Structure formats: structure tokens, C-alpha cells
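Visitor: Requesting a structural model of the entry that follows:
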Amino acid sequence: MKKMIYPAMIVIAGLLAFTFAAINWKVNSDKAEVKFTSDKFDGSFSGLKASISFDEEHPESAKFSASIDANSIATGFFLKNMHAKDALGVDSHPFIKFESTAVSKSGSGYLAKGNLTLKGVARPMSIYFTFTGQGGQGVFKGNMTVIPKDFGIDHNGTPEKVVVSLVVPVTKM
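Guide: Numbering: from 1, shown residues only. All right, here's what the predicted structure looks like:
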């Protein structure tokens, strides 16, 4: 009897794990928007790359891993771009990265907790986001507040806080 129960339990556990597996999404990098605002200047980054595994019904199984080229910063003014690149240390740290550690339902949206790595410094960060999907298409929209000094960015003219807004269109893989 025991010989039959254990294999049956393993099969059932395997099926449940497969049932709750998150859906993989491919980012449309050309249409993704990564914008930032502060009291000193506004701008954007381009070329978002991400690995997204997410299911609305089971957000706890989600995983997000994203990076963006820090050199792509655009403030609309050449000198501000140069100062921002210097402050971000793009020569030594060319990428800004986010890696989720936990995702949960939060109000009418979701909360991704993880680590943001900026200028080679990793700090805990939370991104509140929503997801709108239809068929094989979807859009993640989110925001987070970054305190530059927490990442060792304290050049003259650095804002005290920066609000980052994300619009990430995706296609089911």
C-alpha cells in the first residue's frame, strides 16, 4: 500500500506545481517606457531588457528580472545627460538592475519586492504595479521612488528623490 501512495503523492504534487507555474512574458523593448521625475530634472531611459514570469491568479509564483543601460539616460539637455551619467558612474556600472524576491497582491494591483542595483549598490526596493492582459498581450504599469543618496549618488545637483514610472508592454511566450 505504501509503495503506491508515495508515487501517487509525487505525481499529484508535480501536477499542482505545474498548474501554478507562472506565465512567461516577452517585453516589447521598443515600446517600453522607463521615465523618471524629480524636483530638479525629468527624463527617461531606453532599451529595457527583462525576464518576466507572472500569472495574475498566482502572483506569489512571479519572478521579475530587469536591466536597463544607464548610458541611455535622456534628460532633454546634453549637459544634464553628461552630469547624470557621471553621477550614475556609467563607466564602471553600465546597467541598472532589478531582481524580484517576492510578489504579492496589493489592493487593486500587485507589489514586487526585490533588490535594485544602481551604481554597483544593491538596496531593497518595492514596485507597486498593475497588469492588464487580454489574450496573449498585456501591459505592466508601475512606479517606485528612489533615494539617490541610498546608492551613493550625491553629486551637486542630485535630487533628493526620483520617481520612476514604468509602462512595459508584453507578449505571452
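Visitor: all strands for this protein, in order.
Guide: Counting by DSSP state E, the chain has strands at residues 23-27, 33-37, 43-45, 49-54, 63-69, 95-106, 109-118, 121-134, 137-146, 162-172.
Visitor: Switch those strands over to CSV; also include mean neighbour count.
Guide: For glycine as for every other residue, the C-beta is placed from the backbone atoms N, C-alpha and C. Output for the strands of the chain, formatted as CSV (neighbours: other C-beta atoms under 10 Å):
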stretch, mean neighbour count
strand 23-27, 18
strand 33-37, 17
strand 43-45, 18
strand 49-54, 18
strand 63-69, 19
strand 95-106, 17
strand 109-118, 18
strand 121-134, 15
strand 137-146, 17
strand 162-172, 17
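Visitor: wait, which of the ones you listed is closest to Phe78?
Guide: Of all these, strand 43-45 sits nearest to Phe78, with 12.1 Å by C-beta to C-beta.
Visitor: what's the closest of the strands of the chain to Asn81?
Guide: strand 43-45 (8.0 Å).
Visitor: List of residues touching the closest one?
Guide: Contact with strand 43-45 is made by 33-36, 68-70, 72-76, 80-81, 84, 96, as judged by C-beta atoms under 8 Å, 6 or more residues apart in numbering.
Visitor: From these, pick the one nearest Thr145.
Guide: Using C-beta to C-beta, Phe36 is the member of those that lies nearest Thr145, at 10.2 Å.
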